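1. Take this sequence and fold it.
(chains A, B and C)
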Amino acid sequence: MSRLPRSFFARDAVTVARALIGARLFVRGPDGHPTGGIITECEAYRQDDTASHSHRGLTARNAAMFGPPGHAYVYFIYGMHFCLNVVTGAPGVGEAVLLRALRPTHGLAVMRARRGNRVADASLCDGPGKLCQALGIDRALNGIDLCARAAPLRVHAALDGLHHTATPRIGISGDAVARSALWRFVATDPAPRYDGAR
DNA sequence: ATGGGGATCGTCT
DNA sequence: GACGATCCCCATC
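-> A predicted model of the protein is given here:
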């Protein structure tokens, strides 16, 4: 039940991303329905990282990335999807961790209803856009403080013993350093289906 | 199992 | 005016 403190997020994005594997994300949706799951895949985006939205400096869209750690950065992409990040590091730096996949544990029926009843349970949250759709996350949550008392978004401490691997990040553009950096973290235990390509 | 294309629009050049 | 930290469907192998 231990909510992660702001100090957890006030470290570099790679360290936070690695530590978030196995952590539990809980969301109270706009309709009031609670959902949640175990974080099984995430990616770090850093200062001076040509793949990061923060790379070209502060804009209206990425402002939350330059705010205090422990806040959400939610952005709209491809005209139809949302992606959820947690801001890390220090205010003004511009680092975040993109949450890419969960193993659903709470509110499965609500997730199915939001995602379409055809989708398999294993596919409810196995992608950054799917995760937001299943959890009811949209731009209304951009900038909110995950450490605030009554936050609709909360992250709790990681379960022990969940192993992970590091790989290059998915779908990015940027220089050779950005493309080769092993800043995507994927849980490998005990669910092999989450460890591979998609 | 793998690959290509369409949907759809906010953001930045 | 181009393109994106994506997803889904359909075609083909």
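2. What residues sit buried inside stretch A:68-88?
-> By neighbour count with 16 or more other C-beta atoms under 10 Å, stretch A:68-88 contains the buried residues A:68-75, A:82-88. All C-beta spots, glycine's among them, are computed from the backbone N, C-alpha and C.
3. What of stretch A:110-123?
-> A:Val110, A:Met111, A:Arg112, A:Arg114, A:Arg115, A:Val119, A:Ser123.
4. Dihedrals phi and psi, the residue of chain A positioned farthest from its centre?
-> Centroid-distance maximum for chain A: A:Arg118 at 24.3 Å, with C-alpha atoms, centre = their mean. Backbone dihedrals for A:Arg118, given as degrees, to the nearest 10, come out at phi -80, psi -30.
5. For A:Ala150, grab the count of nearby residues.
-> Neighbour count of A:Ala150, defined by other C-beta atoms under 10 Å: 6.
6. Helix or strand: which one has A:Arg61?
-> Using DSSP states H and E, A:Arg61 falls within no helix or strand.
7. and the spatially closest residue to it that is not a sequence neighbour, what is it in contact with?
-> In this structure, A:Arg61 finds its nearest non-sequential neighbour in A:Tyr75, 6.2 Å apart by C-beta to C-beta, 6 or more residues apart in numbering. A:Tyr75 makes contact with A:His53, A:Arg61, A:Asn62, A:Phe82, A:Cys83, A:Asn85, A:Arg139, A:Asn142, according to C-beta atoms under 8 Å, 6 or more residues apart in numbering.
8. With distance to A:Ile21, secondary structure and pLDDT added, can I get these in CSV?
-> Shown next, in CSV, are those (distance: C-beta to C-beta, whole Å; DSSP: H, G, I helix; E, B strand; the rest coil; pLDDT from 0 to 100):
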residue, distance to A:Ile21, secondary structure, pLDDT
A:His53, 22, coil, 98
A:Arg61, 27, coil, 98
A:Asn62, 24, coil, 98
A:Phe82, 22, strand, 98
A:Cys83, 18, strand, 98
A:Asn85, 15, strand, 98
A:Arg139, 26, helix, 97
A:Asn142, 24, coil, 98
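9. could you pull out the helices for chain A?
-> If DSSP state H is used as the criterion, the helices of chain A fall at A:6-9, A:13-20, A:108-115, A:128-135, A:176-180.
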